[in-house]
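Enquirer: This is a predicted model, with the sequence first.
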Amino acid sequence: DRLSLAIEPGEVFGFLGPNGAGKTTTLKLLMQLIFPTSGRAEILGKPVGHVATRRRIGYLPENPYFYDYLTAEELLNYFAQLLGVPNADRARRVSTLLDRVGLGRERRFQLRKFSKGMIQRVGIAQALLNDPEVVFLDEPMSGLDPLGRRDVRSLILELRDQGRTVFFSSHILADAEALCSRVAVVAGGRLAASGRLTDLAEFRIRGWELVAMNVSALALDRLRPIATRLTEISSGRYTIELPLTETPEGAVTMLAAAGASIVSVNPLRDTLEDFFVQQIASVGAGARVEAAEGGHAGG
């Protein structure tokens, strides 16, 4: 709904929003799987759908579905033929990509035996078969275990370091924080915010959270005047929340001097989910006002 975006060459761009916000619809419009009622879009300087441009992009759909009687090797070999990958390069490229996404002997199993996470790995490999300049990934972490999520993050950063452009959608803020130079947040089909995460007021740090173990009574006494909250997780293990006015380094030094061990230090900020709720509420309020005034929202 009147969505306007510009993604720069060589950047990792995060397209964030809750389920139903319009992320997959936007990607399908760019891939010409569906068509807009108005507006325009360009990829690599050409209108979407331009044949020469299609050869230079890769796409992972949100829920990839493949011929499940084929093995991963057979499927990628088939797609490589469709993409015109030369015979001499085909087997090497398929093998290299399957290695890169972490599929070993499973590559010779029929896809019907694969878990959702394994199918996701195959989908990422097929999106890279044609050595694309721009890669579109719709929820690339979906169905992956922590190890798989780490592998995909590493792969996306490799693509960036190779000078490729990566446009990926997600509803998980941590993925965007770890990967993106810029993001756009959509709610109700409309652009709610865009820019660098560190520059968006909605996600600025509002405090610090420390997790420590072997915290003594003496350390607790020293922390109480500066902490906004102390929560005991288990015996001697605490979560300590600090206001933004208190630097975590001071608390870490204090805890270490009292014999405690630091487990983690993390910034506290509103979650993406909190932001979604606020934006959806405001979009809903705007829609009610338009309806009351007899207005019409364009597509």
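Expert: Yep, it's here.

Enquirer: Break down the stretch 1-150 of the chain into its helices, ranges please.
Expert: Secondary structure of the stretch 1-150 of the chain (DSSP state H, counting those that start in this stretch): helices located at 23-30, 51-54, 72-82, 87-100, 116-127, 146-161.

Enquirer: Might you calculate how far whichever helix or strand comes after the last one sits from the centre of the chain?
Expert: Going down the chain from helix 146-161, the next helix or strand is strand 165-170, by DSSP states H and E. Taking the mean of its C-alpha atoms, strand 165-170 sits 7 Å from the chain's own mean (CA atoms, centre = their mean, to the nearest Å).

Enquirer: circling back to that earlier point, can you tell me which of the helices of the stretch 1-150 of the chain is nearest to Leu3?
Expert: For those, the distance to Leu3 is smallest for helix 23-30, at 6.6 Å, taking CB to CB. Backbone N, C-alpha and C define where each C-beta goes, glycine included.

Enquirer: can I have the closest one written out in CSV, keeping just the CAs?
Expert: Provided in CSV are the C-alpha atoms of helix 23-30 (Å, rounded to 0.1, in the frame of the first residue of the first chain):
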residue,chain,number,x,y,z
LYS,A,23,6.6,-9.0,3.1
THR,A,24,5.9,-12.1,0.9
THR,A,25,3.5,-10.1,-1.3
THR,A,26,6.2,-7.5,-1.9
LEU,A,27,8.7,-10.2,-2.9
LYS,A,28,6.2,-11.9,-5.1
LEU,A,29,5.5,-8.6,-6.9
LEU,A,30,9.3,-8.2,-7.5
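
Enquirer: what about it, average pLDDT?
Expert: On average, the pLDDT along helix 23-30 is 94.

Enquirer: quick one, it and strand 165-170 angle?
Expert: Interaxial angle, helix 23-30 versus strand 165-170 (axes from the mean of the first three to the mean of the last three CA atoms, to 10 degrees): 140 degrees.

Enquirer: What is helix 23-30 packed up against?
Expert: With contacts taken as 3 or more CB pairs under 8 Å, 6 or more residues apart in numbering; DSSP states H and E, helix 23-30 sits against strand 12-16, strand 134-138, strand 165-170.
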